[in-house]
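Asker: just to be clear, the model below is a prediction. Sequence and coordinates:
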Amino acid sequence: MYYQELDFWSKLWKQSEEYGFLKECPAHILQQKLRDLERAFRDAFDKKQPNKRLPTFKKRGLNDSFRFPEPKQIKLEYQHITLPKLGKIRFYRSCDIVGEMKNVTVSRQAGHWYISIQVEHELESQTTTISSQSIGLDLGIKHFVTTSDGEHQAPINSFRQHEKRLAKLQRELSRKKRFSFNWKKQTRKIAKLHQKIANIRRDFQHKLSTELCKNHALIVVEDLKIKNMSRSASGVSENPGKNVSAKSGLNKSILDQGWYEFRRQLEYKSYWRGGIVVEVNPQYTSQRCSHCQHIDAKNRQTQEKFVCLKCSSEMNADVNAAKNILAAGHAVMACGARA
Ligand SMILES: [Zn+2]
């Protein structure tokens, strides 16, 4: 058992000079962290979880967070919370807390402290308020989302501007002496901006996913895992420029994160409203004509323009793809109903 062993060692660490700061926090918080670590090691060696990696070393002051596992020791009032060893703390209640409190996590991000309270609460799904409409979504680089109704949602522009500023701050940082006062100040600035960018992205995704789930009972998206495999080559030719190979890898990972998070939001929000999100194979969705089903790579003349070689329908390439995705989703639903 890792945990028992770690617990034994932690008692010795607390006595030492180097790790004496561990004594400052409540014992069960440390135990909770050790349990997390044990699970991380188990997951890393679990062959059923291929995406898990070995835990990396952490340092005091980086990614600070700790969890209070015992709800009995916590007292919650409207704008105050009482935590073991820390006492009564004032906090800003950003949303209603309903249900039974399970645990409380305190974390620090870019100089601000946050409290997250995990609760258990049964939710009734609102099957009555849902509309019967369905929609297909094409996720892309130029347009974050294109719908089968022909609407585009551009990626957030303010995000780009912040990215430029981020690059500038990072250049400035590289000219500063490591661990000097100015260096530390600059790293704090960078952390703040990182968080701002993350907040903007999250806000954008939440608004969009709420809007889509509110108005559609069936949402069809592409299977992102297959999409990414087939996309790697085209991503480079769309965007020829300097450092394409290095950059596209980075951009890709940033974008993908956005897509996965967006789809996760769609899924749980649909579930809440009694709707459904269906995944389809993205194969040929960009080459097939949504009007006559003719498949040809030459149908897609440019990134934007789709002209069918057979029936000469002309439309926006992303809208055509979104329409194909919706049709594939309907086919999946029909098969499921028959089975
Ligand atoms: Zn056609």
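Answerer: Ah, there it is. Source: prediction; values computed, not measured. Numbers count the residues shown, from 1 in each chain.

Asker: C-alpha from now on. contacts and neighbour counts both.
Answerer: Will do.

Asker: if I look at the residue most central in space within the chain, how far off is N215?
Answerer: The residue lying closest to the centre of the chain (C-alpha atoms, centre = their mean) is E261, at 3.2 Å. Distance, E261 to N215, by C-alpha to C-alpha, to the nearest Å: 20 Å.

Asker: same question for F306.
Answerer: 28 Å.

Asker: what about the residue in the stretch 1-150 of the chain positioned nearest to the ion, distance to K59?
Answerer: For the stretch 1-150 of the chain and the ion, the shortest gap (C-alpha to the ion) falls at S148, measuring 16.3 Å. S148 is 48 Å from K59, where distance means C-alpha to C-alpha.

Asker: what of E5?
Answerer: Applying C-alpha to C-alpha, the value for E5 to K59 is 21 Å.

Asker: over to C335?
Answerer: C335 is 53 Å from K59, where distance means C-alpha to C-alpha.

Asker: ok, back up a step: quick one, which of S148 and K59 is more surrounded?
Answerer: Taking other C-alpha atoms under 10 Å, S148 and K59 do not tie; S148 has more neighbours (23 against 8).

Asker: secondary structure element for D203?
Answerer: Assigned by DSSP states H and E, D203 belongs to helix 181-215.

Asker: list the buried residues of that helix.
Answerer: For helix 181-215, the neighbour count (16 or more other C-alpha atoms under 10 Å) marks 183, 186-187, 189-190, 192-194, 197, 201, 205-206, 208-209, 212-215 as buried.

Asker: got it, and stretch 160-179?
Answerer: H162, L166, L169, L173.

Asker: output stretch 78-95 as PDB, restricted to C-alpha atoms.
Answerer: What follows is stretch 78-95, C-alpha atoms only, in PDB (Å, rounded to 0.1, in the frame of the first residue of the first chain):
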ATOM      1  CA  TYR A  78     -24.200  33.200   3.400                       C
ATOM      2  CA  GLN A  79     -20.900  35.000   2.800                       C
ATOM      3  CA  HIS A  80     -18.700  33.400   5.300                       C
ATOM      4  CA  ILE A  81     -17.100  29.900   5.600                       C
ATOM      5  CA  THR A  82     -15.400  28.400   8.600                       C
ATOM      6  CA  LEU A  83     -12.600  26.100   7.800                       C
ATOM      7  CA  PRO A  84     -10.400  24.000  10.200                       C
ATOM      8  CA  LYS A  85      -7.300  25.900  11.300                       C
ATOM      9  CA  LEU A  86      -8.100  28.800   9.100                       C
ATOM     10  CA  GLY A  87     -11.200  30.000  10.900                       C
ATOM     11  CA  LYS A  88     -13.900  32.200   9.600                       C
ATOM     12  CA  ILE A  89     -13.300  33.500   6.100                       C
ATOM     13  CA  ARG A  90     -15.400  36.000   4.100                       C
ATOM     14  CA  PHE A  91     -16.000  35.000   0.500                       C
ATOM     15  CA  TYR A  92     -17.900  36.100  -2.500                       C
ATOM     16  CA  ARG A  93     -20.700  33.600  -3.300                       C
ATOM     17  CA  SER A  94     -20.700  33.400  -7.100                       C
ATOM     18  CA  CYS A  95     -23.700  31.000  -7.400                       C
END
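
Asker: now it, how far from the centre of its chain.
Answerer: Taking C-alpha atoms, centre = their mean, to the nearest Å, one finds the center of stretch 78-95 at 27 Å from the center of the full chain.

Asker: can you check stretch 201-216 too?
Answerer: The answer for stretch 201-216 is 13 Å, by C-alpha atoms, centre = their mean.

Asker: in the stretch 151-300 of the chain, which spans are strands?
Answerer: For the stretch 151-300 of the chain, the strands defined by DSSP state E, counting those that start in this stretch cover 152-153, 218-222, 276-280.

Asker: near the ion, which residues of the stretch 201-339 of the chain show up?
Answerer: Counting by C-alpha under 5 Å from the ion, the positions of the stretch 201-339 of the chain adjacent to the ion are C289, C292, C308, C311.
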